[in-house]
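Novice: dropping a prediction and its sequence here:
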Amino acid sequence: MALPVEEWRLCAARRWAALEPALRERLAAAPLHDTLRLGCGLLRPEAEAAALRRLCRRARAGKEPAAARFYREEGNRLFGRRHYGAAARLYSQAASHELPGSPEVSVCFANRSAALFHLGRFEVCLEDIARAESHGYPDRLLPKILLRKAECLLCLGRLQDAADALSVVENKIAMDGIMTSPTHQALLKKLSQLKIKIHEKESWPEPAREACGDIQRKSEIWEENDSISGASSSLSLNFDIERGRHLVASQDILPGQSLLKEEAFVSVLCPGESFLLQDSSETAWDTRVTNADLYCHRCLRQLLASVPCRGCSYAKYCSQNCADVAWEQYHRTECSLGALLLTLGVFCHVALRTVLLAGFAEVSRLVEWSHGGDKDLHNPEARCKHLSEAPDTRAGTRGIPGCNDNGQYQSSYQAVFNLLPHAEKHSPEHKFLCTLSVVAICKQLQEAGLEVAVLNQESSEKWSRPKICEKTSDELSPELKIMAEAMLRHVLQLQCNAQAITVMQESGSRDGAVVNKKPVRLATAFFPVLSLLNHSCCPNISVSFSGTAATVRASQPIPSGQEIFHCYGPHRCRMRVAERQQLLSQYFFECRCQACLDELESDVKSVVSVRNSFCCPSCQAPIQVGEDMLCCSNEACAISVSRESLSHRLRDLQRQIKKALELLRDRKADQAIKMLLKCRMDAGNFLSPEHLLMGEMEDHLAQVYATLGKWQEAARHLERSIEIVEMHHGPSSVEIGHELFKLAQILFNGFAVSEALSTIQRAEEILSVHCGPQSTQIQELQEMKTCLLELPRSVLQRT
């Protein structure tokens, strides 16, 4: 959720409407500095601030022992049913709600280690056992987890360590003295079994495994750009008044060539909706899993056994190191504001974290610089205009906003600060909402005594001991006003410059050997260099992510002198030109890319219009487009049908498909197949054969047949889906790459060796261009290929 919750937006709208017209006019026309100054007194303690406090009670971000008990008991219940993955996640939730120093947190870690052991994640299991011990796991229960530790070490082939662990257990049991209880007898039996296993492994060592890392990896040619941090030397930074700052190819570029590798200046994980619960008199703990449970809140690495924050239940990390670094850099300030930040949305959270990472000295320097006497000099839009009027704009990059004195554009706070906020283009109401939200954050920082924490990262004597200023209780200190102004700037910048960090996430049923994945928004980030790329509805690059790092690759040949184009979302293969133009209006420009010009200035119909169309319900001929009534193109038929009736049939079809997928999730595969086949037959009576929904149904059928192990049927349906996807997105698109990856899995599992090998090769060629040779999918394809090539020659010849 980028923006604040709806109730806060409505509250801000009511406050705006109640302001005097003259004040509204002043706020609408004011620069950021004056907007913030005027807005500081408009957040009334008894009205807006009180309403915000009520809304924050719905976002549960604090430590709650009752929640810890609930999640631990739910975890125990699922563990008993052998749902070890779900149990591990619930134990993580329980640990995140335990109070610091509570002995119960050690039980959460110990229970989670048991689930991890059953999942075969022995290294992580050992980490959890160590956590349980360090958090004071009860002495009487220690032998149980120490035996688990020995068994993990045994499974990992660390025989001496396993033997040492068993000695510790043996001594511990002997010290307890009571050897006749059933519990001790069970421990002794387990101890004896593990000793035998260690002896057997020592006597019969396993043959050395062949190294898995000898798969040939293509090395990427890379030469760093002297002027643009993280960029390839094949790019140059240019400027003109129409396109602003933009990147251009300085030499011919090949498909798949890396153009930019950039670490996010700041990123914030997007929370799930379950963190904002409806007001209720009853306590209802939510067991739904969201991205906040699945990924590290600092590095975005996937979580298996999270390390909880010491102060809140929301933030979770992949390691103690990530937790400590996050605490030092920003979370010590954010921690107590968790509910407020969840209520005000990700953009406000990114804005706060940006200024915390930059540090007060740098924020203050740039804010004061922006107040300089020459307004045009310090206004990025005005500076851009002056640059365009300069006699020689190609003389260098020194004057381009965001570049340092040496003409270098670095991925720095200065570059973030110089991204365009378009303050004069945002609606006055939106600016006011952002202002109130930023003021609310800074006032809570001040009231919670966190102002020093915000400012103490500086070595400057001026700011290390902020002077006490005479101010009223509802007025911000001068230092916090500086931070608030920068935050307001960043919130406005994010509408045009926020970059979604996406991840390929499993979707639908997880049964069967075929993994169905789709891209999901994981976090929102500032990438200063990536933000230099202008939009095109037909881009020439692909962006992939690994944690908080973005990599830009050419998706097609780019000749020297051509601009590098990114797609901000609206793509010619997914939307009609009118829809694209409407969505792109949030970026304050009218798209004039070639795809839009072709559709706007000629009779060329969009790919979406041509292929996602209806056909005649009577003879299945194409339907001629009209406003309300659609006519059959077959003169012999000439039937007319209302657009509304066909749209109604389409909505009904989509509902039926959704029900079929629910049947699949409920493990009712046969019923799901029947319903999907009926849907496909119905769709053939009024949708064009190339309609994307026709392809989606074939994809769903392939998924169901794969769960049943019917690989030939699954492959047949997926090949039909691929034909339709290729019509829409093209033969070398990333969408085709993902579909071919699924087909490779199906053919691999069905031992269709020759077809699998050819599909793997084609999928590799496409995905290496868009995702790079080191991507997870490429590695999986190479592993499948290696496995198939190692099959006996007789099998290879038969297939």
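Specialist: Good, I have the coordinates.

Novice: what about the stretch 1-150 of the chain, any weak spots by pLDDT?
Specialist: For the stretch 1-150 of the chain, residues meeting the criterion pLDDT under 70 lie at 1.

Novice: correct me, but Leu476 touches Gly39?
Specialist: No. With contact defined as CB atoms under 8 Å, Leu476 does not reach Gly39; the gap is 10.1 Å. (Each C-beta comes from the backbone N, C-alpha and C, glycine too.)

Novice: mind listing the shared neighbours of these two?
Specialist: Val439 (CB atoms under 8 Å, 6 or more residues apart in numbering).

Novice: centre-most residue in the protein?
Specialist: Nearest to the mean C-alpha position of the chain, by CA atoms, centre = their mean, lies Leu522 at 1.3 Å.

Novice: for that one, give me phi and psi.
Specialist: phi -100, psi -40 (degrees, to the nearest 10).

Novice: where's it relative to Cys152, distance?
Specialist: Leu522 sits at a distance of 30 Å from Cys152 (criterion: CB to CB, to the nearest Å).

Novice: now Pro308
Specialist: 22 Å.

Novice: what's the answer for Gln654, then?
Specialist: 48 Å.

Novice: cool, and Asp34?
Specialist: Taken as CB to CB, the span from Asp34 to Cys152 is 62 Å.

Novice: the two: which is more packed in?
Specialist: For Asp34 versus Cys152, neighbours defined as other CB atoms under 10 Å are more numerous around Cys152 (24 against 13).

Novice: pLDDT score for the more buried one?
Specialist: As predicted, Cys152 sits at a pLDDT of 95.

Novice: kindly report the same for Ala453.
Specialist: 76.

Novice: flag every buried residue along whichever helix or strand it is part of.
Specialist: Assigned by DSSP states H and E, Ala453 falls within helix 451-455. Residues of helix 451-455 classed as buried: 451, 454-455 (neighbour count, 16 or more other CB atoms under 10 Å).

Novice: now do the contacts for the closest residue to Cys787 other than its chain neighbours.
Specialist: Counting by CB to CB, 6 or more residues apart in numbering, Cys787 lies nearest to Phe748, which is 7.7 Å off, once chain neighbours are set aside. Phe748 sits next to 756, 760, 784, 787-788 when contact means CB under 8 Å, 6+ apart.

Novice: how about a cut-off of 10 Å?
Specialist: 513-514, 711, 755-757, 759-760, 780-781, 783-785, 787-788 (CB atoms under 10 Å, 6 or more residues apart in numbering).

Novice: restricted to helices, list the residues you listed.
Specialist: Those of these mapping onto helices are 711, 755-757, 759-760, 780-781, 783-785, 787-788, per DSSP state H.

Novice: just to revisit the earlier point, so what's the residue nearest to Cys787 scoring on pLDDT?
Specialist: pLDDT, read off for Phe748, is 94.

Novice: tell me if I'm right that Tyr568 and Met575 touch.
Specialist: No. At 11.9 Å, Tyr568 does not count as touching Met575 under the criterion of CB atoms under 10 Å.

Novice: what does the helix holding Ala453 contact?
Specialist: So helix 451-455 is contacted by 330, 332-333, 352, 355-356, 359-361, 363-364, 442, 445-446, 463-466, 476-477, 479-480, 482-483 (CB under 10 Å, 6+ apart).

Novice: is it correct that the residue nearest to the centre of the chain is in contact with Ala500?
Specialist: Yes. At 7.8 Å, Leu522 counts as touching Ala500 under the criterion of CB under 10 Å.

Novice: any common contacting residues for the two?
Specialist: Common neighbours of Leu522 and Ala500 (CB under 10 Å, 6+ apart) are 270, 545.

Novice: about what we covered before: which among the contacts of Phe748 end up buried?
Specialist: Using 16+ other CB under 10 Å, the buried members of the contacts of Phe748 are 514, 711, 755-757, 759-760, 780-781, 784-785, 788.

Novice: TSV for those, including distance to Ala595 and pLDDT?
Specialist: Output for the buried ones among the contacts of Phe748, formatted as TSV (distance: CB to CB, whole Å; pLDDT from 0 to 100):
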residue	distance to Ala595	pLDDT
Val514	34	62
Trp711	39	95
Glu755	35	94
Ala756	36	95
Leu757	36	95
Thr759	30	97
Ile760	32	96
Glu780	33	93
Leu781	31	95
Met784	36	94
Lys785	36	94
Leu788	40	92
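
Novice: of those residues, which is the nearest to Val725?
Specialist: Thr759 (14.2 Å; CB to CB).

Novice: the closest one - nearest residue in space that isn't next to it in sequence?
Specialist: Ala744 (4.6 Å).

Novice: how about low-confidence regions in the stretch 151-300 of the chain?
Specialist: Across the stretch 151-300 of the chain (using pLDDT under 70), the flagged ranges come out as 176-181, 205-221, 273-284.

Novice: do a quick rundown of the strands in it.
Specialist: 235-240, 244-249, 258-263, 266-269 (DSSP state E, counting those that start in this stretch).

Novice: need the ones you listed in CSV with distance to Cys615, can you?
Specialist: As requested, the strands of the stretch 151-300 of the chain are exported to CSV (distance: least, CB to CB, whole Å):
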stretch, distance to Cys615
strand 235-240, 46
strand 244-249, 43
strand 258-263, 42
strand 266-269, 44
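
Novice: need the winner for burial among the ones you listed.
Specialist: strand 266-269 (a mean of 24; mean count of other CB atoms under 10 Å).
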